[in-house]
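Novice: next comes the sequence, and after it the predicted model I'd like to discuss.
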Amino acid sequence: MIHPRTGQVAVIFISQRTGEDGAGYGEAAEAMVALAAAQPGYAGIESVRDAAGLGITVSYWADDASAVAWRDHPEHARIRDLGRARWYDWYALEVTRVDRSYGWRRK
């Protein structure tokens with residue numbers, strides 16, 4: 001989807017899945033998307049994962065305070081701990097502000 005993102009905070013989450021507990025991971029991921037969407041300052045999410053389990057998820061927030069509040073949300077923290085224990089071999093996180101935003105779509 002194409003959205004104007006200029007000025008928003010982008011949280012870029014790159015991860016490698018373990019391949020374990022696929023059903024539990026799927027349920028937790030859906031729950032986290034729904035929970036994030038209900039948070040103040042939430043502005044959207046884009047996510048992809050390849051067949052080998054490498055994934056990139058970018059969540060967008062109105063400001064840094066909103067992104068930090070999401071990071072610190074107790075249920076998000078609980079699921080993050082499960083991710084470290086079960087679902088991820090590794091992950092990396094980058095937080096940045098969007099300076100420019102544009103897109104194109106074939107009609």
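Specialist: Nice, I can see it.

Novice: only C-alpha atoms from now on, for both contacts and neighbour counts.
Specialist: OK.

Novice: show me where this protein has its strands.
Specialist: Using DSSP state E, the strands of the chain run over 9-17, 42-49, 54-61, 88-97.

Novice: how about these in CSV, adding mean neighbour count?
Specialist: Listed next are those as CSV, based on neighbours: other CA atoms under 10 Å:
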stretch, mean neighbour count
strand 9-17, 20
strand 42-49, 15
strand 54-61, 20
strand 88-97, 14
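
Novice: roughly how far does the closest residue to Ile56 other than its chain neighbours sit from Ala62?
Specialist: Closest residue in space to Ile56, ignoring its immediate chain neighbours: Ile14 at 4.5 Å, by CA to CA, 6 or more residues apart in numbering. Counting by CA to CA, to the nearest Å, the gap from Ile14 to Ala62 is 21 Å.

Novice: any idea how far Trp104 is from Arg97?
Specialist: From Trp104 across to Arg97, the span is 21 Å (CA to CA).

Novice: what do you get for Gly83?
Specialist: For Gly83 relative to Arg97 (CA to CA), the value is 26 Å.

Novice: contacts only, for Thr57.
Specialist: 12-14, 45-48 (CA atoms under 8 Å, 6 or more residues apart in numbering).

Novice: looking at those residues, which is nearest Gln39?
Specialist: Closest to Gln39 out of the contacts of Thr57 is Ile45 (12.6 Å), distances taken as CA to CA.

Novice: so the closest one touches Tyr60, yeah?
Specialist: Yes. Using CA atoms under 8 Å, Ile45 makes contact with Tyr60 at a distance of 6.1 Å.
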